[in-house]
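Asks: Below are the sequence and a predicted model; questions follow.
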Protein chains: 2
Amino acid sequence: MMRTRPLKVALLGCGVVGSEVARIMTTHADDLAARIGAPVELAGVAVRRPSKVREGIPAELVTTDATALVKRGDIDVVVEVIGGIEPARSLITTAFEYGASVVSANKALLAQDGAALHAAAEDHDADLYYEAAVAGAIPLIRPLRESLAGDKVNRVLGIVNGTTNFILDKMDSTGAGYQEALDEATALGYAEADPTADVEGFDAAAKAAILAGIAFHTRVRLDDVYREGMTEVTAADFASAKEMGCTIKLLAICERAEDGASVTARVHPAMIPLTHPLASVRGAYNAVFVESDASGQLMFYGPGAGGAPTASAVLGDLVAVCRNRLNGATGPGESAYAALPVSGMGDVVTRYHISLDVADKPGVLAQVATVFAEHGVSIDTVRQQGKDGEASLVVVTHRASDAALSGTVEALRKLDTVRGVASIMRVEGE
Amino acid sequence: MMRTRPLKVALLGCGVVGSEVARIMTTHADDLAARIGAPVELAGVAVRRPSKVREGIPAELVTTDATALVKRGDIDVVVEVIGGIEPARSLITTAFEYGASVVSANKALLAQDGAALHAAAEDHDADLYYEAAVAGAIPLIRPLRESLAGDKVNRVLGIVNGTTNFILDKMDSTGAGYQEALDEATALGYAEADPTADVEGFDAAAKAAILAGIAFHTRVRLDDVYREGMTEVTAADFASAKEMGCTIKLLAICERAEDGASVTARVHPAMIPLTHPLASVRGAYNAVFVESDASGQLMFYGPGAGGAPTASAVLGDLVAVCRNRLNGATGPGESAYAALPVSGMGDVVTRYHISLDVADKPGVLAQVATVFAEHGVSIDTVRQQGKDGEASLVVVTHRASDAALSGTVEALRKLDTVRGVASIMRVEGE
């Protein structure tokens, strides 16, 4: 039953992920052929620096002309692991025009231009798969798109960036400050020399956009995602979290509004209870928690980055796309029929943990409580700690909109008795 | 782009799962149609007791003649949620003969006759999907079969039975004995009146057979699975586990031998370290841990049973099968090309925790240690506790084959100084 003419694969990019893809395609060629129903052949590898020695990849396959490789006309599948917007976008579009399907690991591009790329794939009866774009090896896109296709997803709550989880876990377990934990992450290779994309939440925001779109069958772009980094999380915040039986994680949160008429997507640090399955996700691991009408609570856990894990996701997609090609069919494409509006942060409803530095005198609590009440934000607990004429007030609220909370904080800052707002942290996962 | 002629679905069984499938097909009809690309219509529901009132299901759809329903000739997909071997097997086979694809939640049937059913599906160019057969709503079969299709799975370690996990979790957290915890599980509806299938590991063994077959691309039947129930786990075992920084779970374990030339599948209670992600799976939840060459360690967590979660898995399959039908294609079928032999329990290599009741006199430890050495079982730690002329000896071994351990225990029983073997528990997940 095995077809003997091989399917031809063009690999764009041969860095950490690409070299693993090439390696596994060689070492596991027999398994891949058996699972696909036809052999797959690495037909060409486009790189920037051809002089670099690439073990196991025949020199004659290596080219610096990615466009020519994609335009060869005999390529069945283009695997894009270059990253970034250009030239990846043009190459993928060209691949579709020349009849190939595409497997990509490019979260930034998919988050920004997913709709246009899906349309291009559909125009040419081709597949666009990108399991590796979100949370490395963890199967997420396929479960959300296929396994949960008969369910209604209401919330996705995920740790989707390994670098920041490593840093926060280190702060939690050792009491270290942000800079110290970042330095260790850098030394160990978990953080890049310029960690901005990770610590400011840009990477997680791209993944949130992709997850929200798939989960809610609607279109969510990177610009729709509210984003707050985790560089201002302090050891004091972790101490407060511990007192509440919580830890702090950088979360990507995609939610359907309670009336079902809109969705939100956001990335920010948040306190979550230690009893929540996401709280025990350690080190550089990723995990995504999905809440649906019928299936209840599911969690998917694993390595969110790294050459081999990401290559595993790429190859799973490659097998699927090759099978589709042999079947003369395509897999599920973009599903954005729900066309729900994406609301801004003001509409998000959650709980808040607020630390205030206040004057240590009678009546302060009453003043503060009045401000919360005037803005319709209901207080769950208050804790006062006084020392040497100064005092701190820790307020945990019931569920309130971000807009109401912002109004409250603005008003609190105007009180003479409030010397400063030390921190505001959302509380999730309850 | 939407096809207007609906796909017709025959539902076999309308119990806890079937009624949820019918309900969601009605309440979420628009979503299902949008995701499939054509409407789906409930064409008939086969039940045993037609007199029972079934909310939301028109009486004219209900029939007691499942065979006639399957033979109607216009059915696109048969959803089988009857369970058990017959009549489910005959109905599924008939469904294929009459041109339908099949979605099933029937773990017992798939574990026993999966190969024949897959062959029947293939003969008729039909799909056989059964995500709901293993661990309810948790996407497992699709991730193993598709997401990890480019990877090499080496081990699957799962909590795949909610009833026994509830009982063991209760024993762990309250110090209760087995019977007391079982009684509570029964009172709360987590255990059936006759809990044999759960507590003796039959249910988990069927799931282990299915998971092992898919993970290793080989054929594993229920009879190939070694099975030990958890009725003999005691409060004392939990106390021993705690001293080791472990808890006890009933695990389904599917492993590739280190030389890759064979596989094993087994179900038994085992100690696992508290730091292992499976250790914190509480109550009736399920979770499956998968170790692969490239992706490393993945875990899938969620509700392993219940009407709505299982229906979610059934409907995810229904959407996929309907899409395949519209595409004129079929999804991945059985993949058993690896054709690996399934080894018996004697070949399994793991660690062991053994409690011995021994005479409290000098030289006992030396005698016992000699027996272990003679059988090639290396000791990791020994702890002696003496009281009133009696003593206990707790031995934790390094990795050894089950055959070597069995030989050791047999020889230990023959020692005059060993009064009894109080417990033997495997240690996994390290």
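Replies: Now that the structure is in, tell me what you want to look at. Numbers count the residues shown, from 1 in each chain, chains lettered A, B, ... in the order given.

Asks: all contacts plus neighbour counts: C-alpha atoms, from now on.
Replies: OK.

Asks: give me phi/psi at the residue nearest to A:Arg72 when sequence neighbours are not counted?
Replies: In space, not counting the residues next to it along the chain, A:Arg72 is nearest to A:Tyr98; the distance is 8.0 Å by CA to CA, 6 or more residues apart in numbering or on different chains. Per-residue torsions, A:Tyr98: phi -100, psi 20 (degrees, to the nearest 10).

Asks: correct me, but A:Tyr98 touches A:Val77?
Replies: No. When contacts are counted by CA atoms under 8 Å, A:Tyr98 is not listed as touching A:Val77 (10.4 Å).

Asks: what about those two, which has more around it?
Replies: For A:Tyr98 versus A:Val77, the count of surrounding residues by other CA atoms under 10 Å in any protein chain shown is larger for A:Val77: 29 against 17.

Asks: what's near enough to touch the more buried one?
Replies: Applying CA atoms under 8 Å, 6 or more residues apart in numbering or on different chains, we find A:Val77 in contact with A:7-10, A:100-103, A:318, A:321-322.

Asks: tell me which residues in the helix or strand of chain A with the lowest mean pLDDT are buried?
Replies: For chain A, counting by mean pLDDT, DSSP states H and E, strand A:379-387 ranks last in confidence among helices and strands (a mean of 87). Using 16 or more other CA atoms under 10 Å in any protein chain shown as the test for burial, strand A:379-387 gives A:Ile379.

Asks: Neighbouring strands - and their directions - for the helix or strand that comes right after it?
Replies: Along the chain past strand A:379-387, the next helix or strand (assigned with DSSP states H and E) turns out to be strand A:390-397. The pairing partners recorded for strand A:390-397 under DSSP bridges are strand A:349-359 (antiparallel), strand A:379-387 (antiparallel).

Asks: Show me the contacts of A:Val77 that map onto helices.
Replies: A:318, A:321-322 (DSSP state H).

Asks: returning to that earlier point: and of the contacts of A:Val77, the nearest to B:Ala205?
Replies: Closest to B:Ala205 out of the contacts of A:Val77 is A:Leu318 (32.0 Å), distances taken as CA to CA.

Asks: Could you find the closest non-adjacent residue to that closest one?
Replies: A:Leu318 sits nearest to A:Val103 (CA to CA, 6+ apart), 6.5 Å away.

Asks: Next, count neighbours for the one you found.
Replies: In terms of burial, A:Val103 registers 28 neighbours under the definition other CA under 10 Å.

Asks: I'd assumed A:Arg351 was in contact with A:Ile424.
Replies: No. Taking CA under 8 Å as the contact criterion, A:Ile424 and A:Arg351 are not neighbours in contact, 10.4 Å apart.

Asks: Pick the one among the contacts of A:Val77 closest to chain B.
Replies: A:Leu318 (7.6 Å; CA to the nearest CA).

Asks: I figured the closest one hits A:Ala105, correct?
Replies: No. With contact defined as CA under 8 Å, A:Leu318 does not count as touching A:Ala105 (11.6 Å).

Asks: more neighbours, those two?
Replies: Neighbours were tallied for A:Leu318 and for A:Ala105 using other CA under 10 Å; the higher tally belongs to A:Leu318 (29 against 24).

Asks: who's in contact with the more buried one?
Replies: Contacts for A:Leu318 were tallied using CA under 8 Å, 6+ apart; they are A:77, A:79, A:103, B:150.

Asks: Sitting in strands, which of the residues you listed do you find?
Replies: Judged by DSSP state E, strands contain the following of those: A:77, A:79, A:103.

Asks: picking that back up, higher neighbour count, A:Ile424 and A:Arg351?
Replies: Neighbours around A:Ile424 and A:Arg351, counted as other CA under 10 Å, are more numerous at A:Arg351. The numbers are 26 against 20.

Asks: Against A:Lys249, how distant is the more buried one?
Replies: Noted for A:Arg351: a distance of 15 Å to A:Lys249, by CA to CA, to the nearest Å.

Asks: So what would you say the end-to-end distance of stretch A:412-430 is?
Replies: Note: stretch A:412-430 ends 26 Å apart using CA to CA.

Asks: And for it, what's in contact with it?
Replies: With CA under 8 Å, 6+ apart, stretch A:412-430 has contacts from A:157, A:237, A:269-273, A:276, A:350-359, A:364, A:368, A:371, A:409.

Asks: Give me the buried stretch members for it, please.
Replies: Judged by neighbour count using 16+ other CA under 10 Å, the buried positions of stretch A:412-430 are A:412, A:417-421, A:423-429.

Asks: ok, those vs chain B, which is closest?
Replies: Of all the buried residues of stretch A:412-430, the one with the least separation from chain B (CA to the nearest CA) is A:Gly429, at 15.4 Å.

Asks: three-state assignment of that closest one?
Replies: Three states are possible here, and by DSSP: H, G, I helix; E, B strand; the rest coil the one that applies to A:Gly429 is coil.

Asks: and what of A:Leu157?
Replies: If you use three-state DSSP, then A:Leu157 falls in the strand class.

Asks: just checking, it touches A:Ile253?
Replies: Yes. Contact between A:Leu157 and A:Ile253 holds when scored by CA under 8 Å: they sit 4.6 Å apart.

Asks: Could you find the closest non-adjacent residue to the most centrally placed residue in chain A?
Replies: In chain A, the residue lying closest to the centroid (CA atoms, centre = their mean) is A:Lys207, at 3.1 Å. Excluding its sequence neighbours, the residue lying closest to A:Lys207 (CA to CA, 6+ apart) is A:Val134, at 5.5 Å.

Asks: is it true that the one you found touches A:Gly158?
Replies: No. Under the contact definition of CA under 8 Å, A:Val134 does not touch A:Gly158, with a separation of 10.5 Å.

Asks: Buried residues of stretch A:115-122, list them for me.
Replies: Judged by neighbour count using 16+ other CA under 10 Å, the buried positions of stretch A:115-122 are A:115, A:117-118, A:120-122.

Asks: same question but for stretch A:292-305, I mixed them up
Replies: A:292, A:294-305.

Asks: Repeat that for stretch A:19-33.
Replies: A:19-26, A:29, A:31-33.

Asks: out of those, who's near chain B?
Replies: The overlap between those and the neighbourhood of chain B (criterion: CA under 8 Å from any CA of the partner chain) consists of A:Leu32.
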